[in-house]
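K.L.:
Following is a predicted model, sequence given first.
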Amino acid sequence: MSIFRLAHLSDLHLPPPKGALGWRDLLSKRALSRIAWRRKSREHQPQVLAALVADLKAYGPDHVAVTGDLTNFAAPAEFAAARRWLEALGPAADVTVSPGNHDALVGVPRPERFTPWTPWLGDAGQASFPQVRVRGPVALFNLCSAVPTAPHLATGRLGDEQLERLDALLADPAWRDLFRVVLIHHPPVEGAVSRRKALEDQDGLRAVLARRGANLVLHGHAHAAQVAAVAGPDGTMIPVLGVPSASAAGRGRHPAARWHAIEIAHGPDGGVEVRMAARGLDPRDGHAVELGRWVLAQAGRAPAHRP
Ligand SMILES: [Fe+2]
Ligand SMILES: [Fe+2]
């Protein structure tokens, strides 16, 4: 049996460096987000994130998926700080970032805005979406649902072009025998978050997944542990997993920080089993502990191994 170990964490909401916002930002959506940050900064604790990352590194994953909201205001200084955080996490080839709505708070909805994070977006060498990364028996399809929105909205959108490209990629026989994981910030599940936070074209994404199939979808944004499923082709179901914020102290309405260790195990009989362990911090002493363990049944043929 071979096991591919995929770590999933999300919604870091790294503390903004001093002076990250200028006077111009007081006229933009960043001003409102700055007011919200005064409340959120008590919830998102760097030491919580550091303890979680230490636990994740001890696990030694083959790959790490970070599903967005690394920043709070999408300010250039925050992008630079997030890049330093990513560099400390591990080699860019082993970490994939799907941006979140906080990473695209204001400005134009163009993927080029994520250029500072290019090495973590995929192997294309440019800030574009979707991108495919093949790692061992796994193909990661990295999407970007992060777009600027009006104040008080945190919606996401993929857009027709990205959905069409995803449709073509998922239909490509090159990835058919691999275990296909889709990464996105916003959950593609109806009712997973309120309408003001929802993925606007989630119907379009679900239609692509129903037509072309995938083995797993990972998301963030809800700041909650969520387990759901969406329809795949021929009556199959695709598991959809959401992970809470990796920096949450758990004092507010959202659960405390957590990361998910996902093991994709291929048996000698050709079967595939997906196991997921949720790991967080013990509130009594701050030590990392396993919070629960689940098995997600998988149907279909086993992915072929690639070097
Ligand atoms: Fe978030
Ligand atoms: Fe978000």
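P.N.:
Looks like it came in fine. None of the values given here were measured: they were computed from a predicted structure. Ligands and ions are numbered 1, 2, ... in the order given.

K.L.:
does A81 count as helix, strand or coil?
P.N.:
Classification of A81 using DSSP: H, G, I helix; E, B strand; the rest coil returns helix.

K.L.:
That one and L14 touch, don't they?
P.N.:
Yes. Counting by C-beta atoms under 8 Å, A81 touches L14, with 5.9 Å between them. Bear in mind the C-beta positions are built from the backbone N, C-alpha and C, glycine included.

K.L.:
Next, the contact list for V208, please.
P.N.:
Shown in contact with V208 (C-beta atoms under 8 Å, 6 or more residues apart in numbering): 163, 166-167, 170.

K.L.:
Sorry, wrong one. I was asking about G213.
P.N.:
Neighbours of G213 in contact, by C-beta under 8 Å, 6+ apart: 170, 180, 232-233, 236, 238.

K.L.:
let's go with 7 Å and repeat that
P.N.:
G213 sits next to 170, 232-233, 236 when contact means C-beta atoms under 7 Å, 6 or more residues apart in numbering.

K.L.:
Quick check: of the residues you listed, which lies closest to E200?
P.N.:
Of all those, E200 sits closest to L170, with 20.4 Å by C-beta to C-beta.

K.L.:
Going by secondary structure, that closest one is in what exactly?
P.N.:
L170 is part of helix 160-171 when elements are defined by DSSP states H and E.

K.L.:
Which residues of the protein lie near ligand 1?
P.N.:
The chain comes close to ligand 1 at residues 11, 69, as judged by C-beta under 5 Å from the ion.

K.L.:
count of neighbours near A192?
P.N.:
A192: 20 surrounding residues under other C-beta atoms under 10 Å.

K.L.:
any chance you could map the helices in the chain?
P.N.:
With DSSP state H, the ranges of helices along the chain come out as 29-43, 46-59, 76-89, 118-121, 160-171, 202-212.

K.L.:
what comes up buried for the third one?
P.N.:
The one in question is helix 76-89. For helix 76-89, burial by neighbour count (16 or more other C-beta atoms under 10 Å) applies to 77-79, 81-83, 85-86, 89.

K.L.:
Could you dump those into JSON lines and include distance to R284 and pLDDT?
P.N.:
Output for the buried residues of helix 76-89, formatted as JSON lines (distance: C-beta to C-beta, whole Å; pLDDT from 0 to 100):
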{"residue": "A77", "distance to R284": "36", "pLDDT": "91"}
{"residue": "E78", "distance to R284": "33", "pLDDT": "93"}
{"residue": "F79", "distance to R284": "36", "pLDDT": "94"}
{"residue": "A81", "distance to R284": "31", "pLDDT": "96"}
{"residue": "A82", "distance to R284": "31", "pLDDT": "97"}
{"residue": "R83", "distance to R284": "35", "pLDDT": "97"}
{"residue": "W85", "distance to R284": "27", "pLDDT": "98"}
{"residue": "L86", "distance to R284": "31", "pLDDT": "98"}
{"residue": "L89", "distance to R284": "27", "pLDDT": "97"}
